[in-house]
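Chemist: have a look; sequence and predicted model below, questions after that.
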Amino acid sequence: MSKVAVLGAGSWGTALAMVLCENNHDVRIWTHNTEQKQRMEQEGKNAKYLPDIPLPPSLSIHDDLTMAIKDVEAIVLVVPTKAIRETCQRLKQVLHHQVVLIHASKGIEPDSHYRISEMIDEELNRTQYQDVVVLSGPSHAEEVSLKHPTTVTAASEDESLAAFTQDLFMNQYFRVYTSTDVIGVELGGALKNIIALGAGISDGLGYGDNAKAALITRGLAEITRLASVKGANPLTFIGLTGVGDLIVTCTSSHSRNWRAGNLLGQGNALEDVLSKMGMVVEGIRTTDAVTQLAREEQIEMPITTGIYDVIHQNKSPKKVVDDLMARDRTTEIDDISDILFNRDKD
Ligand SMILES: NC(=O)C1=CN([C@@H]2O[C@H](COP(=O)(O)OP(=O)(O)OC[C@H]3O[C@@H](n4cnc5c(N)ncnc54)[C@H](OP(=O)(O)O)[C@@H]3O)[C@@H](O)[C@H]2O)C=CC1
Ligand SMILES: O=C(CO)COP(=O)(O)O
């Protein structure tokens with residue numbers, strides 16, 4: 001039994017805290033919102049984010065970060081990407097012992113183009129954590145909270161910490177694999193959100209399964225291309241955190257990114273879409289970050305660029321699809337073969 005704090009009481013933080021309670025750990029969940037803490041305690045559920053699911057009685061709920069992290073062995077950071085730095089800055093003030101730091105968020109920071117583990121490294125002192133572990137994979141909170149079979153990957157450069165995380169979370173409905181490809185696992189989780197926006201846009205336009213399969217497959221090609229340039233193992237992208245998470249996010253109405261894309265495809269403006277969602281849609285900021293990055297690194301990412309144009313340049317989704325279909329003729333797998341066969345040559 002370990003003492004674990006989950007920081008972030010949205011859908012995913014709550015579902016992960018429930019897995020940890022199921023495994024008989026001493027689990028504390030922290031919210032920055034005192035009213036939410038009081039409601040969760042009074043109602044025995046997280047009414048805004050997982051309304052139909054009773055919280056385990058053993059879960060303790062905190063709005064005081066010092067109390068939440070007291071004596072914990074591990075901290076699971078699961079706030080939206082835009083809140084990672086702020087949460088780490090708060091943590092830095094009150095964390096006076098060394099923990100295993102696990103994060104389960106999926107995004108890239110605009111401007112810096114940092115992955116989440118890079119932001120954590122910049123904000124916290126190494127005396128405060130042993131190493132970062134990334135937990136990622138095809139895992140909608142709504143299904144995990146119903147204890148439906150789910151598989152994810154725990155990645156860390158320190159294999160013993162990945163194995164520790166596997167032991168912490170693994171149970172009969174939540175199966176955890178390990179990996180040492182932190183870059184690949186983090187980028188897979190973040191970049192699939194862009195393609196999920198695209199799949200939603202396609203569905204919103206009324207296109208069918210052929211179009212969606214094309215987006216998933218060609219989307220996989222372009223996100224693998226970018227990730228390989230950034231140091232990921234391209235083979236990670238045929239695993240759970242690549243193609244696995246693409247499938248679950250591009251084909252499920254649980255996905256906030258798919259839902260936001262669907263509304264965009266139906267012609268709604270971005271501000272209206274975001275106000276209707278009421279939950280984080282990570283793909284929007286990640287599209288901004290990756291469009292900048294692809295331009296700087298001169299990496300061809302036509303689907304991402306098209307989605308950026310829908311979001312920020314007021315380009316019609318139909319015109320974006322028409323332009324994607326009319327791109328210069330090309331062969332299918334040359335670029336992926338280059339990635340796979342040339343990556344170890346330098
Ligand atoms: N939902 C899912 O199925 C999955 C989500 N993820 C990832 O997990 C991360 C969190 O997503 P998720 O839980 O779904 O998001 P939600 O939108 O469901 O919840 C976000 C939570 O973060 C809180 N929050 C917002 N800003 C801050 C802040 N500055 N400091 C502290 N807390 C803050 C919100 O509080 P408030 O209510 O006060 O705004 C809310 O409790 C994302 O990166 C997402 O991609 C990964 C896998 C699955
Ligand atoms: O990452 C997720 C499932 O693996 C959740 O995706 P959304 O943020 O699009 O809901």
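Modeler: The structure has been received and is ready for your questions. Ligands and ions are numbered 1, 2, ... in the order given.
Chemist: from now on I want contacts and neighbour counts done on CA atoms only, so please keep to that.
Modeler: OK.
Chemist: name the nearest residue to the closest residue to ligand 1 within the stretch 201-346 of the chain, sequence neighbours excluded.
Modeler: At 3.5 Å from ligand 1, Met279 is the closest residue in the stretch 201-346 of the chain, using C-alpha to the nearest ligand atom. If the residues on either side of it in the chain are set aside, Met279 comes closest to Arg256, at 7.4 Å by C-alpha to C-alpha, 6 or more residues apart in numbering.
Chemist: and the strands in the stretch 101-250 of the chain?
Modeler: Taking DSSP state E, counting those that start in this stretch, the strands of the stretch 101-250 of the chain run over residues 129-136, 150-155, 174-179.
Chemist: quick check: residues of the stretch 51-200 of the chain near ligand 2?
Modeler: 137-140 (C-alpha under 6 Å from any ligand atom).
Chemist: ligand 1: which of those residues is nearest?
Modeler: His140 (3.5 Å).
Chemist: residue nearest the centroid of the protein?
Modeler: Lys106 (2.2 Å; C-alpha atoms, centre = their mean).
Chemist: got the contact list for it?
Modeler: Going by C-alpha atoms under 8 Å, 6 or more residues apart in numbering, Lys106 touches 80-81, 116, 136, 186, 189-190, 282.
Chemist: that older thread, just name the most buried of the strands of the stretch 101-250 of the chain.
Modeler: strand 129-136 (a mean of 25; mean count of other C-alpha atoms under 10 Å).
Chemist: and Lys276, how many neighbours?
Modeler: For Lys276, the neighbour count with other C-alpha atoms under 10 Å is 11.
Chemist: for Glu86, same thing?
Modeler: 13.
Chemist: which elements pack onto the helix or strand that contains it?
Modeler: Using DSSP states H and E, Glu86 sits in helix 84-94. The contact analysis (3 or more C-alpha pairs under 8 Å, 6 or more residues apart in numbering; DSSP states H and E) places helix 84-94 against helix 65-68, helix 116-123.
Chemist: quick check: which of those is nearest to ligand 1?
Modeler: Ranking those by proximity to ligand 1 (C-alpha to the nearest ligand atom) places helix 116-123 first, at 9.3 Å.
Chemist: got the residues of the stretch 1-150 of the chain near ligand 1?
Modeler: Counting by C-alpha under 6 Å from any ligand atom, the residues of the stretch 1-150 of the chain near ligand 1 are 8-13, 31-33, 49, 78-81, 83, 87, 104-107, 139-141.
Chemist: are any of those buried, and if so which?
Modeler: Buried subset of those (neighbour count, 16 or more other C-alpha atoms under 10 Å): 8-13, 31, 49, 78-81, 87, 104-107, 139-141.
Chemist: show me what the nearest residue to Ser117 once chain neighbours are set aside is bridged to.
Modeler: Spatially, and ignoring its direct neighbours in sequence, Ser117 is nearest to Val132 (6.4 Å; C-alpha to C-alpha, 6+ apart). On the basis of DSSP bridges, Val132 is bridged to Leu101.
Chemist: residues making contact with the helix or strand containing Gln36?
Modeler: Assigned by DSSP H and E, Gln36 falls within helix 34-43. Applying C-alpha under 8 Å, 6+ apart, the set of residues contacting helix 34-43 from outside is 31, 45-47, 61-63.
Chemist: buried residues in that helix, which are they?
Modeler: So helix 34-43, judged by 16+ other C-alpha under 10 Å, has buried residues 36-37, 40-41.
Chemist: let's test this: mean pLDDT of it, rounded?
Modeler: Mean per-residue pLDDT for helix 34-43: 97.
Chemist: same deal with stretch 315-330?
Modeler: 96.
Chemist: leaving out the residues flanking it, which one is nearest to Val185?
Modeler: Counting by C-alpha to C-alpha, 6+ apart, Thr241 is the residue found nearest to Val185 once chain neighbours are left out, at 5.7 Å.
Chemist: ok, the one you found touching Asn193?
Modeler: No. Contact criterion C-alpha atoms under 8 Å: Thr241 and Asn193 do not qualify, at 11.6 Å.
Chemist: much appreciated, bye for now.
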